[in-house]
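> Next come a sequence and a model predicted from it.
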Amino acid sequence: MPGYDPRKLTTSEEDYLKALYLLTEWEETPVGTGALADQLGLSPASATAMVQKLAAKNLVDHIPRGAISLRATGRREALRMVRRHRILETFLRDELGYGWDEVHDEAEQLEHTVTDRFIDALHARLGHPAVDPHGDAIPSAAGVLAARDAQRLDRFDGPRAVICRVSDEDPEFLRRAKDLGLVPGAVIEIPHGLDYISASLIWVREL
């Protein structure tokens, strides 16, 4: 039965595995090729072809015209890339002065060019941070993630909360959120309506 060697995965294969993980990290919903294609900005046909390749390497399970899910080997590889990405984002902000709205695209490029040894050393140099600049948990070198107890702000019904995570998918949103003080660790009073911000992109925990 064919297997995989992480040293031989292509950049595209790494991106697909990471995207599959991220699509279900905070929303446990089935992922099809359409959603995967949208996440990566590619055509559904391209996504289908890549999913078939990943399935042949025993990295994903795929029901034709149905859901795609990571197998244990695929999840390990996805978390390895997530770890790289989030540590690099933290380094770019803390050591090089990048804004939290700038680190994502830079880390996307760098994560494919460094080694796990480099990432482990960088993580130690940074003081072993548990989360990245946006509040997303950094997986351990063994692929373990801390438990989460946050929920989306638009689904939260308490009067006060602390922000745990802000989605990094939209740089303009990140700039606006920072201007409003809506950053991880900030304590907020929940206003009626939440019309001034995209509440679906912020995760909070009750105080």
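Arrived safely, thanks for sending.

> phi, psi of Arg65?
phi 60, psi 20 (degrees, to the nearest 10).

> Which parts of the chain are strands?
Along the chain, the stretches classed as strands by DSSP state E are 60-62, 68-70, 151-152, 160-166, 187-189, 202-206.

> if we compare those, which one ends up closest to Asp132?
Taking C-beta to C-beta, strand 160-166 is the member of those nearest to Asp132, at 9.4 Å. Any C-beta I mention is one placed from the backbone N, CA and C, and that applies to glycine too.

> The closest one vs strand 202-206, what angle?
With axes from the mean of the first three to the mean of the last three C-alpha atoms, to 10 degrees defining the directions, strand 160-166 sits at 140 degrees from strand 202-206.

> Please point out which parts of strand 160-166 sit buried.
Within strand 160-166, the residues scored as buried using 16 or more other C-beta atoms under 10 Å are 161, 163-166.

> domain ranges for the protein?
Split into domains by automatic domain parsing, the chain comes to 6-74, 151-206.

> Ok, which of those domains comes nearest Asp101?
Across the domains of the chain, closest to Asp101 is domain 151-206 (C-beta to C-beta), at 3.9 Å.

> now do the same end-to-end measure for the closest one.
Length of domain 151-206, first residue to last, C-alpha to C-alpha, to the nearest Å: 9 Å.

> With distance to Glu172 and mean pLDDT added, can I get the strands of the chain in CSV?
Formatted as CSV, the strands of the chain follow (distance: least, C-beta to C-beta, whole Å; pLDDT from 0 to 100):
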stretch, distance to Glu172, mean pLDDT
strand 60-62, 32, 94
strand 68-70, 30, 95
strand 151-152, 19, 92
strand 160-166, 13, 95
strand 187-189, 20, 90
strand 202-206, 15, 94
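
> will you turn those strands into JSON lines that also has distance to Ala141?
As requested, these are exported to JSON lines (distance: least, C-beta to C-beta, whole Å):
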{"stretch": "strand 60-62", "distance to Ala141": "23"}
{"stretch": "strand 68-70", "distance to Ala141": "19"}
{"stretch": "strand 151-152", "distance to Ala141": "28"}
{"stretch": "strand 160-166", "distance to Ala141": "22"}
{"stretch": "strand 187-189", "distance to Ala141": "32"}
{"stretch": "strand 202-206", "distance to Ala141": "25"}
